[in-house]
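>>> Generate coordinates for the sequence data below:
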Amino acid sequence: MAAVGADLVGEELPRIDEDAWVARARELSARLPVRLREAVRHYRHDPGVDGLLVVRNLPVDESTLPPTPMTAESVVRTPTAPAATIALLASCLGELAAYRAEKGGALVQNVVPVPGREGSQSNAGSVSLEMHVENAFHPHRPDYVGLLCLRNDHDGEAGTLVSSIRRALTLLPQTARQALHGPRFVTEPPPSFQSRDAGEAHAVLAGAPDDPDVRVDFNATVALDDEAKRALELLRDAFVGVSRQLTLAAGELAFVDNRISIHGRTAFTPRYDGRDRWLHRTFVHLDARRTRGHRPGGSAVLA
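Numbering: from 1, shown residues only. Sure thing, here's the model as predicted:
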């Protein structure tokens, strides 16, 4: 993995967000170890009941890392070994994607605590982060979210919470399921997006009644009537009841299927000493053609 990633780091490909770097990551992803590619392919076909894939022992050396960034809207623009690692695995799974209105369209983003934003319901905060589908408000949400740990927090308190509708569905009464399948909810964009306009009313559950997709952000999704509100509360309780916590260590990457699973974060205490929790985040689409009209020039960034 380190050897393949080294070809993505160098002077010939100076910026992550250039089309040439994305194309090279796509090509090199075919050179990853066979067993790793097999696991990713199986996950792509069926993400299982948890919608989760965890890859461990990736080439992330904490001793060579710079201090953890502390600025808002922090991103990675220059290729590094960890950025190459997450980009290669994301490219093996699907197509790298980003949003111009979020962190300037950066394909590899930093998830770090930011001084003064401790209470923010965003990737810059350090309080408990409500579970959510990534960019639940957006009509072209990521199919997968990748989270690569470069450093965990000092006390090992910060956990990534993951919960799946495949586990939660059986805990919901039929009346609640029916309400959640109706266009009776609206969702606000997250703080990281420049736009603050909520989209059109939408359903929280969609697709096969016995295996639906989910679209919800429990900090930003609002029900439009009392019955829908009660159904949303029951759904949250069900998700909490079947959730699991991942405490990622350096060199561990989690992919979350953003169609059937939601994720969040437990609270932790940052020290702002250069060694705080640091994750890289990427988004993956399975069908780039579906968003072509929103990607000027065919780039990986949705305008």
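
>>> Could you use CA atoms for every contact and neighbour count after this?
OK.

>>> tell me which residues in stretch 63-81 are buried?
Buried residues in stretch 63-81, counted by 16 or more other Cα atoms under 10 Å: 68, 69, 70, 72, 73, 74, 75, 76, 77, 79, 80, 81.

>>> Can you dump the C-alpha atoms of that stretch in PDB for me?
In PDB, the C-alpha atoms belonging to stretch 63-81 read as follows (Å, rounded to 0.1, in the frame of the first residue of the first chain):
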ATOM      1  CA  SER A  63       6.000  10.200  14.200                       C
ATOM      2  CA  THR A  64       6.300  11.800  10.800                       C
ATOM      3  CA  LEU A  65       3.100  13.800  10.900                       C
ATOM      4  CA  PRO A  66       3.000  17.600  11.300                       C
ATOM      5  CA  PRO A  67       1.000  19.200  14.100                       C
ATOM      6  CA  THR A  68      -2.700  18.600  13.900                       C
ATOM      7  CA  PRO A  69      -4.300  21.600  12.100                       C
ATOM      8  CA  MET A  70      -6.400  23.900  14.200                       C
ATOM      9  CA  THR A  71      -8.000  26.200  11.600                       C
ATOM     10  CA  ALA A  72     -11.600  26.200  10.400                       C
ATOM     11  CA  GLU A  73     -12.300  24.600   7.000                       C
ATOM     12  CA  SER A  74      -9.000  22.800   7.100                       C
ATOM     13  CA  VAL A  75      -8.300  20.700   4.000                       C
ATOM     14  CA  VAL A  76      -5.400  18.900   2.300                       C
ATOM     15  CA  ARG A  77      -4.300  20.300  -1.100                       C
ATOM     16  CA  THR A  78      -0.800  19.000  -1.400                       C
ATOM     17  CA  PRO A  79      -0.300  15.200  -1.800                       C
ATOM     18  CA  THR A  80       0.800  13.400   1.400                       C
ATOM     19  CA  ALA A  81       1.100   9.700   2.200                       C
END
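
>>> coming back round to it: next, format the buried residues of stretch 63-81 as TSV and append distance to residue 267.
TSV is the format used below for the buried residues of stretch 63-81 (distance: Cα to Cα, whole Å):
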residue	distance to residue 267
68	18
69	19
70	17
72	19
73	20
74	20
75	22
76	24
77	28
79	30
80	28
81	28
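
>>> For the helix or strand where residue 110 lies, which helices and strands make contact with it?
Residue 110 belongs to strand 108-111 when assigned by DSSP states H and E. Packing partners of strand 108-111 (3 or more Cα pairs under 8 Å, 6 or more residues apart in numbering; DSSP states H and E): strand 75-76, strand 278-285.

>>> wait, which of those strands is closest to residue 146?
With Cα to Cα as the measure, strand 278-285 is the member of these nearest residue 146 (5.1 Å).

>>> Can you tell me the strand partners of the closest one and which way each runs?
strand 95-99 (antiparallel), strand 108-111 (antiparallel), strand 144-151 (antiparallel) (DSSP bridges).
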